[in-house]
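Student: coords below, sequence missing:
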């Protein structure tokens, strides 16, 4: 049997997309790990799966698999890639459509300038919703690591995120602290860990260490949404923020609580291939 796949990326955060609406495979953790392996498989940070939707208001449903074979709830760069694929290479009837994922419905608009805009839903800050098992002190979550006191922000964009403010993004200890915080017992489902340097109220620099065996990625869409929403919730940034990451920039819009986060950025279709 031959299985068609699409290699895509959003600002260097790379994916293998499988459209399983017209082809099928018994996808499990072992196969996901094999497919994501950069030496023996195709290689990717995450696998994007499209399936038929039972709801006619959604063009398709989707799911995410991490490189280590675990499941993920949300991925902003992945959603943009699925939007681009459905509009340019598949059957999207218009530029705007909705998809259903593990964290709920996302609304996608493919813009004329080649960018993809996504309504990512409203961020959740309640500790039980993230989830995080710490108590806030002066609006932040204190966490001691190797005898040093850190303060974290936390939010869910359908998946859990922690945020640490840093003075210099290039000197941030992303690998070590990301690994420790991302698997800390304070986060019962683990978390993606963002490191943010505030340039001004309209721009931040961001690096993200992702859970699921991924590590630091070139960019993280949901992490950008979480970072801006946490910082805006503390009145540290404006409602429209340019988020600069190693792979490029995203524009994140968030007015205030009660409103969705809007993410705008590029997506790239690299090639189509077949696995036998």
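Tutor: That came through, no problem. Quick caveat, the model's predicted, so the values are computed rather than measured.
Student: break the chain into its domains for me.
Tutor: 3-114+266-275, 141-259 (automatic domain parsing).
Student: how about the helices of the stretch 101-250 of the chain, start to end?
Tutor: For the stretch 101-250 of the chain, the helices defined by DSSP state H, counting those that start in this stretch occupy 174-182, 221-233.
Student: please identify the most buried of these.
Tutor: Each of the helices of the stretch 101-250 of the chain was scored by mean neighbour count; the highest is helix 221-233, a mean of 28, by mean count of other C-beta atoms under 10 Å. Just so you know, the C-beta spots here come from the backbone N, C-alpha and C atoms, and that holds for glycine as well.
Student: which other helices and strands contact it?
Tutor: The contact analysis (3 or more C-beta pairs under 8 Å, 6 or more residues apart in numbering; DSSP states H and E) places helix 221-233 against helix 76-88, strand 148-156, strand 160-165, strand 192-200, strand 203-210, strand 240-245, strand 248-253, strand 262-265.
Student: so what strands line up beside the shortest one?
Tutor: What it means is strand 262-265. Looking at strand 262-265 with DSSP bridges, its partner strands are strand 116-119 (antiparallel), strand 248-253 (antiparallel).
Student: pLDDT of the first one, averaged?
Tutor: Model confidence over strand 116-119 averages 98 on the pLDDT scale.
Student: ok, the residue nearest to the spatial centre of the chain - contacts?
Tutor: Nearest to the mean C-alpha position of the chain, counting by C-alpha atoms, centre = their mean, stands residue 75 at 3.0 Å. Listed by C-beta atoms under 8 Å, 6 or more residues apart in numbering, the contact partners of residue 75 are 46, 48, 64, 159, 221, 222.
Student: with residue 134 instead?
Tutor: Going by C-beta under 8 Å, 6+ apart, residue 134 touches 127, 141, 142, 143, 152, 186.
Student: try 6 Å
Tutor: By C-beta atoms under 6 Å, 6 or more residues apart in numbering, the contact list for residue 134 reads 141, 186.
Student: so that it lines up with my notes, have the first residue be 78 from now on.
Tutor: That works, and once the first residue is 78, the last one we named lands at residue 211.
Student: what does the pLDDT read for it?
Tutor: The model reports residue 211 with a pLDDT of 97.
Student: for it, give me phi and psi.
Tutor: Dihedral pair for residue 211: phi -120, psi 160, per degrees, to the nearest 10.
Student: now it: how far from residue 202?
Tutor: 13 Å (C-beta to C-beta, to the nearest Å).
Student: now do residue 305
Tutor: Per C-beta to C-beta, residue 305 is found 13 Å from residue 202.
Student: swap in residue 123?
Tutor: Look at residue 123 and residue 202: by C-beta to C-beta, they are 25 Å apart.
Student: can you pull the contacts of the residue lying closest to residue 235 once chain neighbours are set aside?
Tutor: Leaving aside its sequence neighbours, residue 235 sits nearest to residue 180 (C-beta to C-beta, 6 or more residues apart in numbering; 2.5 Å). Residues in contact with residue 180 (C-beta under 6 Å, 6+ apart) are 150, 151, 235.
Student: swap the cut-off to 8 Å and go again
Tutor: Contacts for residue 180 (C-beta under 8 Å, 6+ apart) come out as 150, 151, 198, 234, 235, 236.
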